[in-house]
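Q: sequence and predicted structure are below.
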Amino acid sequence: MTKLVLIVVDALKPAMLERAVAEGHAPAFAEILRRGTYIPDCVSVFPSVTPAAAASITTGTMPDAHGIPSICWYHRGERRYVDYGSSGASVRTFGVLRALTDTVYNMNFDHLSRRQLTVFERLDDMGVRTACTPFLVFRGRVRHELGVQGWLRRVAQAANFRHAVYGPAELFYGELYSSQVVDCRPTLARPGTRDPYSGCVGAHVERNDLYDFMLFSLPDNDHHSHRFGPQETIPSIARADSHLMELADAAGGIERFLDDHAVILMSDHAQIGVSHRINLQAALSDWRVLQPNDLSPDEAAIAVAPGARSAMIYELDQEHFPAKSFRRLLRRLREVEGVEVIAWRDHTRDGEACIWTERGELRFRPGTSLRDLRGERWDVDGALRTLELEEEDGAVSSRTYPDALRRIWSALSCKGSGDILISAARGYEFTDWGGADHVGGGSHGSLRRGDSLATLAFVNCGPDLGGDPDRRPAQWSISDVAPIVVSHFDQSP
C-alpha cells in the first residue's frame, strides 16, 4: 500500500505558487508540479473561508451537507453567534473560552454533520493508519485526551477546558493534543510558528513509520497573505516549501519521497488584496442588530455575521418579520457600497434561489434546463448576465464567479446559513465583530475567482492512475479530494 500525503497550504494562490516555482523559491512544490497533474482552477466553496472549506476537504461534501456555513454565523438553536476566530479582536469580543470551544470541539463534534464521515473516519474504519498535523477539521475514531502545554495551559486551566476529542490515530494539534511525545515546539495560536511545528511533527511521523495517510497542514501562508497581501507571499510559500522538505528529507529526500508516496498538494481558497472596509452592522442601524453577548437579545430584529469578504444576515423573528421589512432590508443592502452579490431564498416559490447584482436579477433551482461544467442541471429564470453566466458547448459557466450556481445553492441550503448571503466587490472586506479587517493586505470569502480558485496537484494518485477521463469534472472542486483519498486505499472490487 502506497502512503498518501495530503498537503494543504492555506490560501495558496495558484499564480503565486507558479511564480515561486519559476523563481526557484519552492523546489519541493516545483517537483510536485513537474511530476504530477496540476489543476490551477480548482474551486473552493462559498463563502470561501477556511472552516467551510476545511469541512469540504475532509468530508468531500459541500456546506449544505457538512453543515459548516462560514467562519462566523448565528446558531439559531443556541441563539448566539459562533465565531471560529475571525481575528484576535473577535476572539476577545466573544471570549477566549467560547472561541476555543467552538473552534476546536464544537466545530468537529457538534456543528459538523454526523451524517457525513470525514476522511479520517472512513479510513480508520478501513484499518488505514491515519495522521494529521493541525487542521481545523480532524474528527476521527481514536480518542485523545487533552494534554495542554505552553501558554494555552494557563488559558485552559483558567477556563476549565477539559475536552477529550476523537481524531485520527496520530493527532498533533499544537499545545492541546498530541498522540506521541515529539521533540517539536508545540504551537497553535501564534501565526508564523505553525508551519515549523507541522514540518517537525511530519518528519517524526515519517521517520517512525506511523501512518498510511497523513493530512499535512501548512497554515501560515494565510496569515502572511492577510497581513501583506497575496502578491507578497513568495517568502511564506518558500517557508511552507522548506517545511514540506523536512518531511521529504525524513523519507530520503524529495525525489525518493515522491517515488515512494502518493501526494496531493492543494489549498482551501486564495486571497485578493483589500483596500476598503464595510461596517455592515453600522450600515443596517435602522434595524436592531444582535450584539455579541447581547444583554437584551429578544429585542434584536436581525443578526449580522461578517465573514471576511462575505457576510450573512439572519431574521431573528421570522414568524413576525413581515415581507415588506425583508424587502426593505434587501433594498438597503443594495445601497451599501461594496456589496456586489446578494442571495436569498424565496419560500413562496418552492425555495428558489434569488440573486441580485447591479447587472440584474435571476432565480434558479435544480432542474433540467441548463447544465453547468460539473454536469449538474438548473432551471434559471432571469438575466444570465446577473452572474456573468455564459453558455458554451451546451454548458453554462461564469469566469467571474466560478461554479456559481452550485456554490450559492449549497450555501443557501446549509442549515446554519443566514436568510441573506452577501459577497463583496473586488477590494472590499466586511469588518468583523472585533472591529478588525485586513485593509492594506489580503482577504477572501467572496464568490469571485480571485478568492475562490485554489491550487490542486496530484502525484501517483487520482487522475495520475488513469481512471475514466470522461468522468473527470470539467470544473474541479475542493470537495473532489476526499473521495480520491478514500479510493486510493479502497481495495474492494
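A: Great, that's in hand. Residues are numbered from 1 along each chain as shown.
Q: got the contact list for the lengthiest helix in the chain?
A: Ranked by residue count under DSSP state H, the longest helix found in the chain is helix 234-250. Here helix 234-250 makes contact (CB atoms under 8 Å, 6 or more residues apart in numbering) with 5, 7, 9, 12, 16-17, 19-20, 23, 25-29, 195-196, 198-200, 202-204, 206-207, 216, 218, 220-221, 224-225, 254, 256-258. (Each C-beta comes from the backbone N, C-alpha and C, glycine too.)
Q: the residues you listed in strands, which ones?
A: Members of those lying in strands (criterion: DSSP state E): 5, 7, 9, 216, 218.
Q: near Val485, how many other residues are there?
A: Look at Val485: counted by other CB atoms under 10 Å, it has 25 neighbours.
Q: name the helices or strands packed onto the helix or strand hosting it?
A: Per DSSP states H and E, Val485 falls inside helix 481-489. Judged by 3 or more CB pairs under 8 Å, 6 or more residues apart in numbering; DSSP states H and E, the packing partners of helix 481-489 are strand 3-9, helix 50-59, helix 119-125, strand 261-266.
Q: which of these sits closest to Leu316?
A: When the helices and strands packed on helix 481-489 are compared for distance to Leu316 using CB to CB, the nearest one is helix 50-59, at 22.4 Å.
Q: contacts for that closest one?
A: 8, 10, 44-45, 61-63, 65-71, 84, 107, 112-113, 116-120, 135-139, 215, 222, 266, 268-269, 454, 477-479, 481-482.
Q: Arg143 touches Ala164, doesn't it?
A: Yes. With contact defined as CB atoms under 8 Å, Arg143 counts as touching Ala164 (5.8 Å).
Q: contact partners for Ala424?
A: Neighbour list for Ala424: 278, 309-311, 338-340, 430, 445-446 [criterion: CB under 8 Å, 6+ apart].
Q: what bridges to it?
A: Beta-bridge pairing of Ala424 under DSSP bridges involves Val339.
Q: and it, what pLDDT?
A: pLDDT for Ala424: 98.
Q: what about the residue lying closest to Arg141 once chain neighbours are set aside, neighbour count?
A: Leaving aside its sequence neighbours, Arg141 sits nearest to Asp124 (CB to CB, 6 or more residues apart in numbering; 3.9 Å). Burial of Asp124 is recorded as 21 neighbouring residues (other CB under 10 Å).
Q: Gly85 too?
A: What Gly85 shows, counting by other CB under 10 Å, is a neighbour count of 19.
Q: ok, it - contacts?
A: Taking CB under 8 Å, 6+ apart, we find Gly85 in contact with 71, 91, 99, 103.
Q: quick one: the strands in the stretch 351-493 of the chain?
A: 352-357, 360-372, 377-382, 390-392, 395-397, 420-424, 428-430, 442-443, 453-459 (DSSP state E, counting those that start in this stretch).
Q: a markdown table for those, including distance to Pro230?
A: Converted to a markdown table, the strands of the stretch 351-493 of the chain look like this (distance: least, CB to CB, whole Å):
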| stretch | distance to Pro230 |
| --- | --- |
| strand 352-357 | 24 |
| strand 360-372 | 27 |
| strand 377-382 | 31 |
| strand 390-392 | 27 |
| strand 395-397 | 24 |
| strand 420-424 | 16 |
| strand 428-430 | 13 |
| strand 442-443 | 4 |
| strand 453-459 | 12 |
